[in-house]
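Q: mind folding the following:
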Amino acid sequence: MTEDSSIIAAASRRVPWNKGRIVGAKPPLRPKHVWSIRTKLQVEGRVRDLALFNLAIDSKLRGCDVVALKVDNIAPTGYAADRASVRQKKTGRPVKFELTEATRKAVDDYLKATGKKPGDYLFTGRRGSNCSLTTRQYARLLAGWIVSVGLDPHLFGTHSLRRTKATLIYQRTGNLRAVQLLLGHTKIESTVRYLGIEVDDALAIAEQVDV
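A: Okay, here's the model as predicted:
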């Protein structure tokens, strides 16, 4: 067997990295799923997971930015603020977001339970208090939440939480520019692709406007 034929044979035996996996953009959660997960975490008294889940939904941040949050970002005075600003790791640009009353309460309860102070990572993992939760640990937690409400964890990922509120805002307002700002996208085209907006979506919005 020649060297070339050996390489071809080896390549043919190689298993594709995505064999058996569901790839592509992860869909957002529906409101009923958000409330199901939130209620379950509340009933089970999982204060950290509830604060993490609520913050991920409200902030619309990428997973790497969610786990990197520090107490100063969310609760500079010791209590969760109405609004916060975080510099995105991917773009280096700041993005602002709102914290709903439910999220503020969840964060305050979590801070009270853990005694975390300004300068501390908000969510820490197994590596110790000086290290943040990893994106892999975050993904595993999410998979558990998803399974707990009867959903397939292979269909959803941490990006699903980033997309959830952004998608709802667009569906209810049609304001693409607002969603672009909230997601921290530099180009409107990125937001269009991110939301999966089609011509039918644009026409549905247009049909609601009379001149």
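Q: and the next helix or strand past the longest helix seen in the chain?
A: In terms of residue count, the longest helix belonging to the chain (DSSP state H) is helix 158-173. Next in sequence after helix 158-173, counting helices and strands by DSSP states H and E, comes helix 176-183.
Q: packing partners of the helix or strand following that next one?
A: Next along the chain after helix 176-183, taking DSSP H and E as the criterion, comes helix 188-195. In terms of contacts (3 or more Cβ pairs under 8 Å, 6 or more residues apart in numbering; DSSP states H and E), helix 188-195 is packed against helix 158-173, helix 176-183. Every C-beta, even on glycine, is put in place using the N, C-alpha and C of the backbone.
Q: what comes up buried for helix 188-195?
A: For helix 188-195, the neighbour count (16 or more other Cβ atoms under 10 Å) marks Thr191, Val192, Tyr194, Leu195 as buried.
Q: over to stretch 143-153?
A: Ala143, Trp145, Ile146, Val149, Leu151.
Q: what about the spatially closest residue to the first one that is not a sequence neighbour, distance to Trp35?
A: Right, Ala143. In space, and not counting its chain neighbours, Ala143 is closest to Pro153: 4.0 Å by Cβ to Cβ, 6 or more residues apart in numbering. Separation of Pro153 from Trp35 (Cβ to Cβ, to the nearest Å) stands at 19 Å.
Q: what does Leu161 give?
A: 14 Å.
Q: quick one: the strands in the protein, in order.
A: For the chain, applying DSSP state E gives strands covering 83-87, 94-98.
Q: mean pLDDT added to the ones you listed, as TSV?
A: Formatted as TSV, these follow (pLDDT from 0 to 100):
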stretch	mean pLDDT
strand 83-87	94
strand 94-98	93
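Q: can you give me the helices for this structure?
A: So, for the chain - with DSSP H - the helices run 3-13, 31-43, 47-59, 63-67, 71-74, 101-114, 135-148, 158-173, 176-183, 188-195, 199-206.
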